[in-house]
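Colleague: fold the stuff below for me.
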Amino acid sequence: MLTKIDIKNLVAEFKKTFVTKEDIKKVEARINNKIDNVLITLAQDIGDVMVEVKKTKIEVRGNRIVLGDHENRLQKLEMNPRAL
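Modeller: Residues are numbered from 1 along each chain as shown. Modelled structure (predicted):
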């Protein structure tokens with residue numbers, strides 16, 4: 001026959017063995033926090049990459065302008081070789 005002490009011991013053992021709703025809620029909260037942190041980090045990284053791409057795009061535009069100027073000067077020299 002089971003006594004109250006035996007039942008208390010069984011309840012204590014079951015708490016060690018089985019997951020309770022509170023345990024699941026704690027794990028869910030930790031997972032949600034980790035997901036939130038990952039999403040925030042991802043958004044920040046995407047923003048950083050966008051800034052770098054914008055800088056590179058501006059640099060490419062500047063290089064394209066300089067290259068066009070060089071091309072124009074070369075064409076003038078090829079058309080008028082006496083200018084050398």
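Colleague: only C-alpha atoms for contact and neighbour calcs from this point on.
Modeller: Fine.
Colleague: can you give me the helices in the protein?
Modeller: Listed in chain order, the helices of the chain (DSSP state H) span 4-17, 21-79.
Colleague: any chance of the ones you listed in TSV, plus mean pLDDT and mean neighbour count?
Modeller: As requested, these are arranged in TSV below (pLDDT from 0 to 100; neighbours: other Cα atoms under 10 Å):
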stretch	mean pLDDT	mean neighbour count
helix 4-17	83	11
helix 21-79	92	12
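Colleague: now do the contacts for residue 43.
Modeller: Residues counted as contacts of residue 43 (Cα atoms under 8 Å, 6 or more residues apart in numbering): none.
Colleague: apply 10 Å and report the result again.
Modeller: Residues near residue 43 by Cα atoms under 10 Å, 6 or more residues apart in numbering: 37, 49.
Colleague: for stretch 36-55, C-alpha coordinates in PDB please.
Modeller: Taking C-alpha atoms only, stretch 36-55 is exported to PDB below (Å, rounded to 0.1, in the frame of the first residue of the first chain):
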ATOM      1  CA  ASP A  36      14.900  37.600 -31.500                       C
ATOM      2  CA  ASN A  37      18.600  38.200 -31.000                       C
ATOM      3  CA  VAL A  38      19.500  36.400 -34.200                       C
ATOM      4  CA  LEU A  39      16.900  38.400 -36.200                       C
ATOM      5  CA  ILE A  40      18.300  41.700 -34.700                       C
ATOM      6  CA  THR A  41      21.800  40.700 -35.500                       C
ATOM      7  CA  LEU A  42      20.800  39.700 -39.000                       C
ATOM      8  CA  ALA A  43      19.100  43.000 -39.600                       C
ATOM      9  CA  GLN A  44      22.100  44.900 -38.400                       C
ATOM     10  CA  ASP A  45      24.400  42.900 -40.600                       C
ATOM     11  CA  ILE A  46      22.200  43.500 -43.600                       C
ATOM     12  CA  GLY A  47      22.300  47.200 -42.900                       C
ATOM     13  CA  ASP A  48      26.100  47.200 -42.600                       C
ATOM     14  CA  VAL A  49      26.300  45.400 -46.000                       C
ATOM     15  CA  MET A  50      24.000  47.800 -47.600                       C
ATOM     16  CA  VAL A  51      26.200  50.700 -46.400                       C
ATOM     17  CA  GLU A  52      29.200  49.000 -47.900                       C
ATOM     18  CA  VAL A  53      27.500  48.400 -51.200                       C
ATOM     19  CA  LYS A  54      26.400  52.000 -51.400                       C
ATOM     20  CA  LYS A  55      30.000  53.200 -50.800                       C
END
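Colleague: many thanks, we can stop here.
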